[in-house]
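Asker: Provided below are the primary sequence and the corresponding predicted coordinates.
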Amino acid sequence: MTMIGPNRNPADCDPTEAEVQQIQLDRLQRVRNELKKRDYAACVLFDPTHMRYATGSRNMQVYSARNPARYVFVPAEGPVVVFEFGGCLHLAEKLNTVDEVRPAKAISYYFCESFLGNVTADWAAEIDELVARCYGEGRGGKRIAIESATSAAAFELQKLGYQVFDAQEPLEQARCIKVPNELKMIRSSLRATEAGVRLMESKIVPGISENELWSHLHQHVIATDGDYVETRLLSSGPRTNPWFQECSTRPIEAGDLVALDTDVVGRFGYYADFSRTFLCGDQPATAKQKELYKLAYEQVMTNVELLKAGRSFKEYAELAWRIPDGYKGNRYFALVHGVGMTGEYPYVVHREDIDDKGYDGLFLPGMTICVESYIGHEDGGEGVKLEEQIYIGEDYIELLSDYPFDPRLMGR
């Protein structure tokens, strides 16, 4: 399997407006195709990431993730309707994927209190009316997929004779294979995020707090038309082990390792997801720090080279770099995971976990994958986090992330 380096051609980063329009149509068609495979009449999407994938609509992404106040009706065949938050209908009116924009019915106690039951019944009746408009009264179409709504929404649809399914499955399967030119959006998000990490790295000096350091990346994400940083995964010194300690008020000290997982929902709504570990101060790395870094680097590079179209997840887990004793207990929970607008299918765990917690499948051309490593000893001390973002082609893999490794920690 050939691996090609990151594409730095500016023409292969920001898509043209015509390309954006076509990407949106192609993504919508992938959603429709997945609905047809399952004989679903339609799906109702509340997840703001899925709404954006299917239609290109973007509004209050974080707020919408916890409030069912906007949604989209996507039929397998027929008009697409965006239901937008009050006062925001103009945001989706010019999208080439959207046939109609209506005010949303916010099916939440927060908005409705004692009227929630009536509002939810009216919501279900409107969805039923849209299905009938697409398929005709009495012509079937009673299999529908929904997501991220209240349980009462599903119950009301069932009262109207619908079989209700989870929309996450068709959406994950749609998203996992990238449409033509979608990689341009991904590269654009990565290049902007990498510039933010370079800015952040330049601010690593003794005495700066983890929170202040992290804020430089966040500011750059917003300044370059990204959306938000999804996690707070930046830690230093003794807080780098175990992993998943969110950034804090701790002042970073000279000689500390500083570990970061970007988790940026960046330009065009696409995830820029890579990890690096830095060394604070001007002093050389210790032997232990270099050993940790060497192990993490070997794990990432070995597992990157094992990626190829047609390889099964279980075969990949069995072939993957073997974590030394003493480090297995603190291993990162996934070997690799899919990535697009956020983390997505597939999710491949270690050989030790795959029978109990994993599933099998195939890496396919068109997938974008993140290869993970965390190395931190079970007895404590510091830890190292590294990660690369990869595209799987028919007979090659492409390194999408383009950020250097720390030469002091590499022993160079």
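Answerer: Looks like it came in fine. Numbers count the residues shown, from 1 in each chain.
Asker: shouldn't Glu19 be in contact with Lys184?
Answerer: Yes: with contact defined as CB atoms under 8 Å, Glu19 and Lys184 form a contacting pair (6.7 Å). The C-beta positions use only the backbone N, C-alpha and C, and glycine is treated the same way.
Asker: Give me the more crowded residue out of these two.
Answerer: Lys184 (21 against 15; other CB atoms under 10 Å).
Asker: For the more buried one, which non-adjacent residue is closest in space?
Answerer: Closest residue to Lys184 apart from its sequence neighbours, by CB to CB, 6 or more residues apart in numbering: Pro15 at 4.3 Å.
Asker: how about the one you found, what does it touch?
Answerer: Ile23, Asn181, Lys184, Met185, Ser188, Phe268 (CB atoms under 8 Å, 6 or more residues apart in numbering).
Asker: cool, and Phe313?
Answerer: Pro346, Val348, Ile354, Gly358, Tyr359, Asp360, Gly361, Leu362, Phe363.
Asker: Packing partners of the strand or helix carrying the first one?
Answerer: Translated: Pro346. Counting by DSSP states H and E, the element that carries Pro346 is strand 343-348. The elements that strand 343-348 packs onto, with contact taken as 3 or more CB pairs under 8 Å, 6 or more residues apart in numbering; DSSP states H and E, are helix 168-175, helix 313-319, strand 336-339.
Asker: so which of those gets nearest Gln158?
Answerer: helix 168-175 (18.6 Å; CB to CB).
Asker: that older thread, okay, now the sheet partners of the strand holding Pro346, with direction.
Answerer: With DSSP bridges as the test, strand 343-348 is paired with strand 336-339 (antiparallel).
Asker: hmm, who's touching the strand it pairs with?
Answerer: Contacts for strand 336-339 (CB under 8 Å, 6+ apart): 175-176, 271, 273, 303, 307, 316, 343-348, 367-372, 389.
Asker: which residue is nearest the centroid of this protein?
Answerer: Centroid check for the chain by CA atoms, centre = their mean gives Thr342 as the closest residue, at 1.2 Å.
Asker: For it, give me the pLDDT.
Answerer: Predicted confidence (pLDDT) for Thr342: 96.
Asker: can I get the helices and strands packed on strand 343-348 in JSON lines with distance to Gly136 and mean pLDDT?
Answerer: Shown next, in JSON lines, are the helices and strands packed on strand 343-348 (distance: least, CB to CB, whole Å; pLDDT from 0 to 100):
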{"stretch": "helix 168-175", "distance to Gly136": "23", "mean pLDDT": "98"}
{"stretch": "helix 313-319", "distance to Gly136": "42", "mean pLDDT": "97"}
{"stretch": "strand 336-339", "distance to Gly136": "37", "mean pLDDT": "98"}
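Asker: pLDDT weak spots in this protein?
Answerer: For the chain, the stretches flagged by pLDDT under 70 are 109-112, 137-140, 412.
Asker: So which residues of it form helices?
Answerer: Taking DSSP state H as the test, the helices found in the chain are 17-37, 48-55, 61-66, 109-112, 116-135, 151-159, 168-175, 182-202, 210-223, 287-305, 313-319, 354-357, 407-410.
Asker: which other residues reach the last one?
Answerer: Here helix 407-410 makes contact (CB under 8 Å, 6+ apart) with Leu257, Thr277, Phe278, Leu279, Pro284, Ala285, Gln289, Lys290, Tyr293, Lys294, Tyr297, Val384.
Asker: Could you work out the most separated pair of the residues you listed?
Answerer: Pro284 and Tyr297 (17.5 Å).
Asker: between these two, which one's more packed in?
Answerer: Between Pro284 and Tyr297, counted using other CB under 10 Å, the more crowded position is Tyr297 (19 against 13).
Asker: wait, doesn't that one sit right on Leu386?
Answerer: Yes: the pair Tyr297 / Leu386 is scored as a contact, 6.2 Å apart, by CB under 8 Å.
Asker: what do those two both touch?
Answerer: In terms of CB under 8 Å, 6+ apart, Tyr297 and Leu386 are both contacted by the residues Ser373, Phe405.
Asker: What is the burial count for Leu399?
Answerer: Leu399, neighbours per other CB under 10 Å, totals 16.
Asker: swap in Glu113?
Answerer: Neighbours of Glu113 (other CB under 10 Å): 9.
Asker: which ones are touching Pro284?
Answerer: Arg408.
Asker: mind running it again at 6 Å?
Answerer: By CB atoms under 6 Å, 6 or more residues apart in numbering, the contact set of Pro284 is empty.
Asker: separation between it and Asp166?
Answerer: From Pro284 across to Asp166, the span is 53 Å (CB to CB, to the nearest Å).
Asker: Leu183 too?
Answerer: 28 Å.
Asker: most neighbours, which of the contacts of Phe313?
Answerer: Val348 (26 neighbours).
Asker: Surely it and Phe333 touch.
Answerer: No: the pair formed by Val348 and Phe333 falls short of the contact definition of CB atoms under 6 Å, at 10.6 Å.
Asker: so what's in contact with these two at the same time?
Answerer: Counting by CB under 6 Å, 6+ apart, nothing touches both Val348 and Phe333.
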